[in-house]
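>>> I would like to see how this sequence folds:
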Amino acid sequence: MAEVMAYLKQKEESERDAALLAEVDGKVVGTAGVDNINAAEKTRHRASFGISIAKAWWGLGIGRALTEACIECARQAGYLQLELEVVAVNHRAVELYKSVGFIEYGRNPKGFLSRNSGWQENVLMKLEL
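Prediction:
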C-alpha cells in the first residue's frame, strides 16, 4: 500500500502526468493515467494513456468518463499527442478509443503475451490534441 501511495503522490505533484481513480461506494472500480513518454525535447509532446476497469463495472460509462478526463488532463498539461496500445481482441476498448478520436497507426503481432491464450496482437493508437 505504501508503494501505491508514493506513486499517487508523485502523480499528484507532477505538472504533466496524471493518475485517476473511479470509485463506487468507496471501492476502486477503475484507474487511468497519463504519463510522459520521454522528457527529451524531441519527444516531450507525446504522452501515453492507460486504463483499467473492473469487469463487473464494464458498460456503465466509467471507461468513457476516465478516458475523456485523461484526454483533458493531457491537453491541459500541454501534450500534443496521446498514445495507447490495446489488445486487438478487446473490440469494446478499440471502439471506445475510436469514438473519442483515437486513430490506429500500426499493429504489433506479438505485443501481448497472455497466460491463457499466448501471443496477442496489439493495436497502436494515437490522438492528436
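>>> In this protein, where is pLDDT below threshold?
The model of the chain has pLDDT under 70 over residues 1, 4-5.
>>> which helix of it spans the most residues?
helix 62-76 (DSSP state H).
>>> Can you report phi and psi for residue 124?
phi -100, psi 130 (degrees, to the nearest 10).
>>> close enough to count as contact, it and residue 108?
Yes: with contacts defined as Cβ atoms under 8 Å, residue 124 counts as touching residue 108 at a distance of 6.6 Å. Where C-beta positions appear, they are placed from N, C-alpha and C, glycine not excepted.
>>> Spell out which residues are contacts of both of these two.
Overlap of the contact sets of residue 124 and residue 108 (by Cβ atoms under 8 Å, 6 or more residues apart in numbering) consists of residue 85.
>>> ok so, going back, buried stuff in the longest helix of the chain?
Across helix 62-76, burial judged by 16 or more other Cβ atoms under 10 Å covers 62, 63, 66, 67, 70, 71, 73, 74.
>>> so what does that helix touch, helix or strand wise?
Applying 3 or more Cβ pairs under 8 Å, 6 or more residues apart in numbering; DSSP states H and E, one finds that helix 62-76 contacts strand 18-24, strand 27-36, strand 46-53, strand 81-87, helix 91-99.
>>> ok, 10 Å please
If you count contacts as 3 or more Cβ pairs under 10 Å, 6 or more residues apart in numbering; DSSP states H and E, helix 62-76 packs onto strand 18-24, strand 27-36, strand 46-53, strand 81-87, helix 91-99, strand 118-128.
>>> CA atoms only for that helix, dumped as CSV, please.
The C-alpha coordinates for helix 62-76 follow below in CSV (Å, rounded to 0.1, in the frame of the first residue of the first chain):
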residue,chain,number,x,y,z
ILE,A,62,-16.8,4.6,-16.4
GLY,A,63,-14.2,3.9,-19.1
ARG,A,64,-15.5,6.7,-21.3
ALA,A,65,-15.5,9.1,-18.3
LEU,A,66,-12.0,8.2,-17.3
THR,A,67,-10.8,8.4,-21.0
GLU,A,68,-12.3,11.8,-21.6
ALA,A,69,-10.9,13.1,-18.2
CYS,A,70,-7.4,11.8,-19.2
ILE,A,71,-7.7,13.5,-22.6
GLU,A,72,-8.5,16.8,-20.9
CYS,A,73,-5.6,16.3,-18.4
ALA,A,74,-3.2,15.7,-21.4
ARG,A,75,-4.4,18.8,-23.1
GLN,A,76,-4.0,20.9,-20.0
